[in-house]
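Enquirer: my questions concern the predicted model and sequence given below.
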Amino acid sequence: MTSAVAATPILGFHHVAIIVSDYLRSKRFYCEILGARILAETYRAERQSYKLDLAFADGSQIELFSFPEPPARVSRPEACGLRHLAFKVDNIQSAVKYLAQHQIECEPIRIDPLTGKQFTFFQDPDGLPLEFYCL
């Protein structure tokens, strides 16, 4: 007897939440450099914290949170938890050149051995690993 497996109710990602150490610096980075559009910005006085809802051209979203004195998070070497956040790009060389114009360094461009696609890594203002992945 075979049992029917219900289809997952998950439709996809809604957002990724990131805690930042310097709210204004990260707001500038994600909005002015990476091109996110502000959906909502809320100051929560009881938490002394901002929550910034951001959206990208394809509808993907990031929530930025600020908290007084957030603890540092281990990210290297490979620690458990979020490894990196990858952004889709059409042209990896143009994307790297764009970041260089904003004084943001990227690692050398590599080829994904499983897909043959180009990718590179860079960091947000708090050192969170970010990736450009060519479609």
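Expert: Here it is on my side, so go on.
Enquirer: which other helices and strands contact the helix or strand that E41 is a member of?
Expert: Assigning secondary structure by DSSP states H and E places E41 in strand 37-44. Of the remaining helices and strands, those touching strand 37-44 by 3 or more C-beta pairs under 8 Å, 6 or more residues apart in numbering; DSSP states H and E are strand 49-55. No exception for glycine: its C-beta is placed from N, CA and C like everyone else's.
Enquirer: next up, the contacts around F67.
Expert: I19, R47, Q48, S49 (C-beta atoms under 8 Å, 6 or more residues apart in numbering).
Enquirer: also N91?
Expert: Applying C-beta under 8 Å, 6+ apart as the definition, the contact partners of N91 turn out to be C134.
Enquirer: how close does it sit to F132?
Expert: N91 sits 10 Å away from F132 when distances are taken as C-beta to C-beta, to the nearest Å.
Enquirer: tell me which strands the strand holding E41 pairs with, and in which orientation.
Expert: Next to strand 37-44 in the sheet, as set by DSSP bridges, lie strand 49-55 (antiparallel).
Enquirer: as PDB, could you dump the C-alpha coordinates of the partner strand?
Expert: Only the C-alpha atoms of strand 49-55 are listed here, as PDB (Å, rounded to 0.1, in the frame of the first residue of the first chain):
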ATOM      1  CA  SER A  49      15.200  49.400  17.100                       C
ATOM      2  CA  TYR A  50      14.500  50.100  13.400                       C
ATOM      3  CA  LYS A  51      12.800  47.600  11.000                       C
ATOM      4  CA  LEU A  52      13.300  48.300   7.400                       C
ATOM      5  CA  ASP A  53      11.400  46.300   4.800                       C
ATOM      6  CA  LEU A  54      13.100  46.200   1.400                       C
ATOM      7  CA  ALA A  55      12.200  44.800  -2.000                       C
END
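Enquirer: all good on my end, thank you.
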